[in-house]
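Novice: Sequence first, predicted coordinates after that:
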Amino acid sequence: MDDANLEMAFKACTFAAVGTCGQRCTSLRRLLIHEKVYDEFVGKLVKAYSTIKIGDPLEAGVLCGPLNNQAALDSHVNALARIQKEGGKILYGGKRVNSKGYFVEPTIV
């Protein structure tokens, strides 16, 4: 809502979406954002996502590890293609990271 504590909502949403790399059933998948705060809130999310270090989750400072297998990678790629086909926009990420394994950028659509 437009009267929400945006800083608290931003921190909670960011952690819920990428804090465990989407590897739990309670990971944030969708946000409903009031139109009056949409640009500000999404801007903060895009900025935060651009700082997320991707790589080996056992390495210090890495927040985003790989998807678990080829099927998960294929599902990710296919979902983004469908989203774009249906008129959705990728606001951040969506690309495969050129590395051994199933790494992708955290994505905001």
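Specialist: Structure's in. What do you need? Remember, it's a predicted structure, so these values are computed and weren't measured experimentally. Residues are numbered from 1 along each chain as shown.
Novice: Only C-alpha atoms, please: export stretch 52-66 in CSV.
Specialist: This file holds the C-alpha atoms of stretch 52-66, laid out as CSV (Å, rounded to 0.1, in the frame of the first residue of the first chain):
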residue,chain,number,x,y,z
ILE,A,52,23.9,-9.7,-5.6
LYS,A,53,27.0,-11.8,-5.9
ILE,A,54,26.3,-15.0,-7.9
GLY,A,55,28.5,-18.1,-7.5
ASP,A,56,29.5,-20.9,-5.2
PRO,A,57,27.2,-20.5,-2.1
LEU,A,58,30.1,-21.8,0.1
GLU,A,59,32.2,-18.8,-0.9
ALA,A,60,32.0,-15.8,1.5
GLY,A,61,29.8,-13.0,0.2
VAL,A,62,27.9,-15.1,-2.3
LEU,A,63,24.1,-14.8,-2.0
CYS,A,64,22.9,-16.5,-5.1
GLY,A,65,23.9,-20.1,-6.0
PRO,A,66,22.9,-22.2,-8.9
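Novice: what mean pLDDT does it have?
Specialist: Stretch 52-66 shows an average pLDDT of 86 in the prediction.
Novice: What is the neighbour count of residue 40?
Specialist: Residue 40 has 12 neighbours, counted by other C-beta atoms under 10 Å. Every residue, glycine included, has its C-beta placed from N, CA and C.
Novice: And the one 4 residues further on, by the same measure?
Specialist: Using other C-beta under 10 Å, residue 44 has 18 other residues around it.
Novice: where does the protein dip in pLDDT?
Specialist: Applying pLDDT under 70 to the chain picks out residues 20-24.
Novice: max-length helix in it?
Specialist: Counting residues, the longest helix in the chain under DSSP state H turns out to be helix 70-85.
Novice: give me the element residue 46 is part of.
Specialist: For residue 46, the host element (DSSP states H and E) is helix 38-49.
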